[in-house]
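> This is a predicted model, with the sequence first.
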Amino acid sequence: MTSPALKSSTAVSLLLAANLVSGCAVNPATGQRQLMLVSESQEIAMGQQADPGISAMFGLYDDPELQAYVSRLGDSLAATSERPHLPWTFRVVDDPIVNAFALPGGFIYVSRGIMAHFNSEAQLVSVLGHEIGHVTARHSASQMSEQQLAQLGLVAGAVIVPDVAAKYGGLAQQALGILFLKFSRDDERQADMLGFRYMTRVGYDPNEMPEVFAMLGRVTEAGGGRGLPVWLSTHPDPGDREQRINAMIAESGQDFTGTTVGERSYLLRIHGLIYGPNPREGFFRDQTFLHPDLEFQIRFPSGWQTVNQKTAVMAQSPNQDAILQLTLAEGAASPGEAARQFAAQDGVNAGAVQDGTIGGFPSATAAFAADTEQGILRGAVTFIQYGAYIYRLLGFSTSAAWSGYQQTVANSVASFARLTDESALSVEPMRLSIIELPQAMTIEAFSQRYPSGISVEQLSILNQVELGSRMRAGTLVKRVVGEPAR
């Protein structure tokens, strides 16, 4: 007689087998059969649901003409792909990091940071084609299918050993964050191949693709691994990709003479593009955060690691066991009301709200304890009404450590004040300026004649030229106008 546990295990195994059979599909871009438990409609829905969050997280670059330009190029590539019917969407995100990524269903993003480093329209097209390739080859959907299968495997184990599910079952769910899926090296090579396919179909010179990989390699080297987003750690080495694309071009047997490069038209189009972080959205002077547009400043604790994001400014203690976060509060008419709404949340046990003033502005503060999956957190939340907004300052730590951070956090919160420093209020972002060389010169000579707000080494990477190499008269060269905010 079969035991109930064995019967349950057998049923789950049959379910896994059924999913394997029904989930195998022919990839439209590669023609290969692959495991696919995510339908096309689900792909599209996931992209549509995630897009607003991505747009809010990074922000969209405020240049309708540039947005339309990238969309037009992307649409022309996608129309030649194996999945032209997807709701293709192309966006330039307001991020200084050299980055490009795709969501399932046809949502493609390039950062203004990577656009600043391109030297031609063909280079931009090659990256758009690469990201389109991830979508047409269903790389995200395939990874999610494998993770769903792995999750079913955890369920199978849980039937026999329930503790397995309790300890590890949540990991599969956490891994389904579609933005941070890491493509395999084979996926990246395949996306390179598809990008080559799409850009040549619309008449662009693929010889610009290796130049992109060379640039990515230099950015990575110059940044010590910090110049590119974390997901690039899974990508094949840019030098290896450069060699592979050169071999692909040679093996194609095609003559690409006369195909579109679009160097001059592209460089003139990015004249005035913001380069680097935009200080109008806030910047740090040591531990003091200054926001010129919102006209406030606040001092974060000494020694804490700080970061300025689109929707929040955060600081983390050296021991990584305390956080201080500044955000805007929404849905409340006063600091007191905002504090009461915070206290009314499930799992939050807040003390009495203390009304007062900080920096001369109305405020409300409450101590709280919160029951989380990581245990009891303790902290304090303060709401400050300044100008048209109510600001939320949230400090917290573990229950055991909070007493050691309480005064430090309170001192930072108390430093919130109006920004009156004219040098900070008038700061402007650095921008690209395109210069046509009146005569042949090196990038070093160019940097001396047309000073930039970045080093000559950074300038050489930005222009994809080597130090000491001579640029011809008439060449369009990028200069960075302005100075970093200090």
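Nice, I can see it.

> Sketch out the low-pLDDT regions of the stretch 251-400 of the chain for me.
In the predicted model of the stretch 251-400 of the chain, no residue satisfies pLDDT under 70.

> Isn't residue 265 up against residue 122?
No - counting by Cβ atoms under 8 Å, residue 265 stays clear of residue 122, with 10.7 Å between them. (C-beta placed from N, C-alpha, C; glycine too.)

> And these two? Which one has more around it.
Remark: of residue 265 and residue 122, residue 122 carries more neighbours, 25 against 12, as counted by other Cβ atoms under 10 Å.

> mind listing what that one touches?
199, 204, 205, 206, 208, 259, 260, 261, 262 (Cβ atoms under 8 Å, 6 or more residues apart in numbering).

> now what about the helix or strand harbouring residue 444, what contacts it?
Element membership for residue 444 (DSSP states H and E) is helix 443-449. Around helix 443-449, the neighbours that count as contacts under Cβ under 8 Å, 6+ apart are 435, 437, 441, 456, 459-460, 463, 465, 467-469, 471, 477, 479.

> Strands - which of the residues you listed land there?
In strands, judged by DSSP state E, the following of the contacts of helix 443-449 are found: 435, 441, 471, 477, 479.

> distance of the nearest residue to residue 395 once chain neighbours are set aside from residue 300?
Among residues not flanking residue 395 along the chain, residue 409 sits closest, at 3.4 Å (Cβ to Cβ, 6 or more residues apart in numbering). Note on residue 409: its distance to residue 300, by Cβ to Cβ, to the nearest Å, is 10 Å.

> Now do the strands in the stretch 1-150 of the chain.
24-26, 33-35, 89-93, 100-103, 107-111 (DSSP state E, counting those that start in this stretch).

> just so I know, which of those strands lies nearest residue 190?
For the strands of the stretch 1-150 of the chain, proximity to residue 190 was assessed by Cβ to Cβ; strand 33-35 is nearest, at 11.3 Å.

> what mean pLDDT would you report for that closest one?
Across strand 33-35, the average pLDDT comes to 50.

> for stretch 137-154, same thing?
48.

> re earlier: now restrict the contacts of helix 443-449 to buried residues only.
437, 441, 459, 460, 463, 465, 471, 477, 479 (16 or more other Cβ atoms under 10 Å).

> ok, those residues vs residue 431, which is closest?
residue 479 (9.4 Å).

> what are the bridge partners for the closest one, then?
Assessed by DSSP bridges, residue 479 has beta-bridge partners residue 433.

> and residue 465, what is it in contact with?
Residues near residue 465 by Cβ under 8 Å, 6+ apart: 443, 471.

> what pLDDT does it get?
98.

> ok now do the residue nearest to residue 428 when sequence neighbours are not counted, which residues does it touch?
Spatial nearest neighbour of residue 428, excluding adjacent residues (Cβ to Cβ, 6+ apart): residue 482 at 6.1 Å. By Cβ under 8 Å, 6+ apart, the contact list for residue 482 reads 428, 429, 430, 431, 453.

> hmm, which of those residues are the buried ones?
The neighbour-count criterion (16+ other Cβ under 10 Å) marks 429, 430, 431, 453 among the contacts of residue 482 as buried.
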